[in-house]
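Novice: from the sequence below, what's the structure:
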Amino acid sequence: MLIFAGCHKSGSPRLEGHWRGTRVDGVTPDVQQQANAFATETELDFHGDVVAIKTPQGKQTGKYRVVRDYKKSVVIVTDQDGAKDEQTFAFDDDKTSMQWKVLDGKSISFRKD
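Specialist: Predicted coordinates:
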């Protein structure tokens with residue numbers, strides 16, 4: 001599912017900080033409640049080129065690298081998952097909310113603390 005890559009430069013300023021999951025989009029109604037429960041127990045911390053993810057299953061920490069930085073999204077790779085497993089984070093205009101595009105048509109929404 002995730003994450004963690006080597007980096008020779010700093011991370012993304014837009015990702016920087018602590019993010020808390022709020023909901024999941026793109027799942028069927030029969031699993032929406034479970035998906036939202038998972039999301040609200042998920043947290044992301046980005047500091048420099050290090051990312052930590054906490055889920056109900058545990059916590060992982062590692063380095064990441066920005067591979068593309070667009071106006072409304074940032075694409076990263078991580079050491080653990082490698083260069084072929086890109087992770088996309090899309091931003092709303094207010095800079096305190098983002099979506100982690102985890103699968104085609106499915107995303108976890110986050111709010112910045």
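Novice: the longest strand along the chain packs against which elements?
Specialist: The strand of greatest length in the chain, counted in residues with DSSP state E as the criterion, is given as strand 58-69. The contact analysis (3 or more Cβ pairs under 8 Å, 6 or more residues apart in numbering; DSSP states H and E) places strand 58-69 against strand 50-55, strand 73-78, strand 82-91. For every residue, glycine as well, the C-beta is placed using N, CA and C.
Novice: please identify the deepest-packed of the ones you listed.
Specialist: Each of those was assessed for mean neighbour count using mean count of other Cβ atoms under 10 Å. The highest is strand 73-78, with a mean of 21.
Novice: what residues are up against Val50?
Specialist: Taking Cβ atoms under 8 Å, 6 or more residues apart in numbering as the criterion, Val50 is in contact with Gly11, Thr61, Gly62, Lys63, Tyr64.
Novice: Arg65: neighbour count?
Specialist: Arg65 is surrounded by 20 other residues when neighbours are defined as other Cβ atoms under 10 Å.
Novice: does it touch Asp49 like I think?
Specialist: Yes - using Cβ atoms under 8 Å, Arg65 makes contact with Asp49 at a distance of 6.9 Å.
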